[in-house]
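Engineer: Sequence and computational prediction follow.
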Amino acid sequence: MKLPLRILLAGAFCVVAAATSHAQNWSETYNRLLGKYVTSGGVKYAEWKSNAADVQAIQSVVDGIAKENVSALGKQQQLAFYLNAYNAWILHEALGKYPTKSVKDVLFTFFTGKRITVAGQQTSFNALEKETIRSKFSEPRVHFALNCASRSCPPLNREAFAADKLDAQFEKLAKGYVNSERGVKYNAAAKTAELSKIFDWYKDDFKGEGGALAFINKRRGTPIPNDAKISYQDYDWGLNEAK
């Protein structure tokens, strides 16, 4: 009985090792591409599109994401994976449409159509965000980690999300956004605050932290007074291209 057991254990180890190696391969490639083409001012789509090897590289990333097995991953690992999946597929699809002024079409089919595959499931950006990332993890800070290839979106993180760094990555992105005019335009003299439309569309997601204003003030250098007049900025769907 010992020999078959050893063979079984060895086979199981090989499967785990292969899965780990597979995940590392696409995530390492994804990290390299983020570091090369993502800036604080947007994505260098023109430069990326002109590099055939790197266009093929992002294809290999989403191919890896499509085949990933998440069943053995812990909760934080799964969340990091789904965030990377959303953002990597967005980059892949935006490059496919480039040159373009916006990925958004009139009926939002870019986001609602089942155009992507994640962990063996064909899905849409909309479903991945709402039915998986938001509903399964109940983490309001994901709104500052997801990037929809548009100017009003929180800037794309320049490194892949990782379970052991996820909390720090979330806080860095949330603080950066609420302390920027893209997230909050505050006029102290007029006592008005124009918030990103994100805080209106997803206001229920911030209830666990006391509401959007409490969430913001916990992370802003200059808190917004509770009696400030709140309004929401128009959302700019223009392509988040680095100029």
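Structural biologist: It's in.

Engineer: only C-alpha atoms for contact and neighbour calcs from this point on.
Structural biologist: OK.

Engineer: Give me the most central residue, the chain.
Structural biologist: For the chain, the residue nearest the mean C-alpha position is residue 146 (2.6 Å; Cα atoms, centre = their mean).

Engineer: Now name the helix or strand holding residue 91.
Structural biologist: With elements taken from DSSP states H and E, the one containing residue 91 is helix 75-97.

Engineer: any residues touching stretch 115-122, and which ones?
Structural biologist: With contact meaning Cα atoms under 8 Å, 6 or more residues apart in numbering, stretch 115-122 is reached by 65, 66, 67, 68, 69, 70, 85, 89, 114, 123, 124, 125.

Engineer: switch the cut-off to 10 Å
Structural biologist: Residues outside stretch 115-122 that contact it (Cα atoms under 10 Å, 6 or more residues apart in numbering): 62-71, 81-82, 85-86, 89-90, 92-93, 109, 113-114, 123-125, 128.

Engineer: cool, and stretch 197-204?
Structural biologist: By Cα under 10 Å, 6+ apart, stretch 197-204 touches 140, 143-144, 152-154, 182-184, 205-206, 211-213, 215-216, 231-236.

Engineer: With stretch 49-63 instead?
Structural biologist: Identification of contacts with stretch 49-63 by Cα under 10 Å, 6+ apart yields 23, 25-34, 36-37, 45, 47-48, 64-66, 68, 84-93, 95-96, 98-99, 116-119.

Engineer: what's the offset of it from the middle of its chain?
Structural biologist: Offset of stretch 49-63 from its chain centre (Cα atoms, centre = their mean, to the nearest Å): 19 Å.

Engineer: List the buried residues of that stretch.
Structural biologist: Within stretch 49-63, the residues that qualify as buried are 49, 54, 55, 57, 58, 59, 60, 61, 62, 63, counting by 16 or more other Cα atoms under 10 Å.

Engineer: any idea of the mean pLDDT in stretch 109-116?
Structural biologist: Stretch 109-116 shows a mean pLDDT of 98.

Engineer: same question, stretch 59-70
Structural biologist: Average pLDDT, stretch 59-70: 98.

Engineer: Now the helix or strand harbouring residue 60 - C-alpha only, PDB.
Structural biologist: Assigned by DSSP H and E, residue 60 belongs to helix 52-67. Extracted in PDB, the C-alpha atoms of helix 52-67 (Å, rounded to 0.1, in the frame of the first residue of the first chain):
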ATOM      1  CA  ALA A  52       3.700  43.300 -30.700                       C
ATOM      2  CA  ALA A  53       5.500  41.200 -28.100                       C
ATOM      3  CA  ASP A  54       3.800  43.100 -25.200                       C
ATOM      4  CA  VAL A  55       0.400  42.900 -26.900                       C
ATOM      5  CA  GLN A  56       0.900  39.100 -27.000                       C
ATOM      6  CA  ALA A  57       2.100  39.300 -23.400                       C
ATOM      7  CA  ILE A  58      -1.200  40.700 -22.100                       C
ATOM      8  CA  GLN A  59      -3.000  38.000 -24.200                       C
ATOM      9  CA  SER A  60      -1.000  35.400 -22.300                       C
ATOM     10  CA  VAL A  61      -2.000  37.100 -19.000                       C
ATOM     11  CA  VAL A  62      -5.700  36.900 -19.700                       C
ATOM     12  CA  ASP A  63      -5.300  33.400 -21.000                       C
ATOM     13  CA  GLY A  64      -3.800  32.500 -17.700                       C
ATOM     14  CA  ILE A  65      -6.600  34.200 -15.800                       C
ATOM     15  CA  ALA A  66      -9.100  32.300 -17.900                       C
ATOM     16  CA  LYS A  67      -7.600  29.000 -16.900                       C
END
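
Engineer: what's the angle between it and helix 75-97?
Structural biologist: Inter-element angle recorded for helix 52-67 and helix 75-97: 140 degrees (by axes from the mean of the first three to the mean of the last three Cα atoms, to 10 degrees).
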